[in-house]
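Participant: Just the structure for this:
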Amino acid sequence: MIALDIPGLGNYVLTDLVLDINGTLSVDGTLLPGVATRCRDLAEVVDIHLLTADMRGTAAGIAEELGVRWTRVRPGGETEQKGLFVQELGGHNVIAIGNGHNDAEMLATAGLGIAVLGAEGTSVRALMQADLAVADICTALDLLLHPTRIVATLRN
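Facilitator: Model prediction:
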């Protein structure tokens, strides 16, 4: 669990982390350097879920490498499915990280939504629904490993 007391926003008890794969954790189907180590460290404090359309067919291998569960969203209505997944986990208790248009609803539904500005670009819609935007996935994961950084950025 990651507990945050953000002045002006309130208290957060974050228990689950939902991660998009393509463009967020990986580029061209390859897991980005540094992600596995950070995810192993985060798995000690939150439950990690990979949520993907798996358009490159790499989700099973990436999930195995990270030692986490993954869920494939069905073609059509991916944005809504991702939002519902986060809602079913508890919404306010969830951290969601993504970069794509179909990640926008999960970023909006999560207690903490983080948009990644990675090599594949970032959907403006995802960016507008996020609470934070960061340069890359390792920076996003580091925020969770050092949560006072989040408080410093979001405090009112």
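Participant: How about Glu78: what's its closest non-neighbour residue?
Facilitator: Asn102 (4.2 Å; Cβ to Cβ, 6 or more residues apart in numbering). Heads up, the C-betas are built off the backbone N, CA and C, glycines and all.
Participant: How about Glu120?
Facilitator: The nearest residue in space to Glu120 (Cβ to Cβ, 6+ apart) is Gly23, at 3.6 Å.
Participant: OK, contacts around that neighbour?
Facilitator: 98-100, 116, 118-121 (Cβ atoms under 8 Å, 6 or more residues apart in numbering).
Participant: Pull out the buried members of those.
Facilitator: 98-100, 116, 118 (16 or more other Cβ atoms under 10 Å).
Participant: I'd guessed Ala140 sits against Ala133; true?
Facilitator: No - with contact defined as Cβ atoms under 8 Å, Ala140 does not count as touching Ala133 (9.3 Å).
Participant: Those two: which has the busier surroundings?
Facilitator: Ala140 (27 against 17; other Cβ atoms under 10 Å).
Participant: Identify the farthest-apart pair in the contacts of Gly23.
Facilitator: Using Cβ to Cβ, these span at most 14.3 Å, a distance reached by Gly98 and Ala119.
Participant: Grab the most central residue of this structure for me.
Facilitator: Taking Cα atoms, centre = their mean, the centroid of the chain lies closest to Ile97, which sits 1.9 Å from it.
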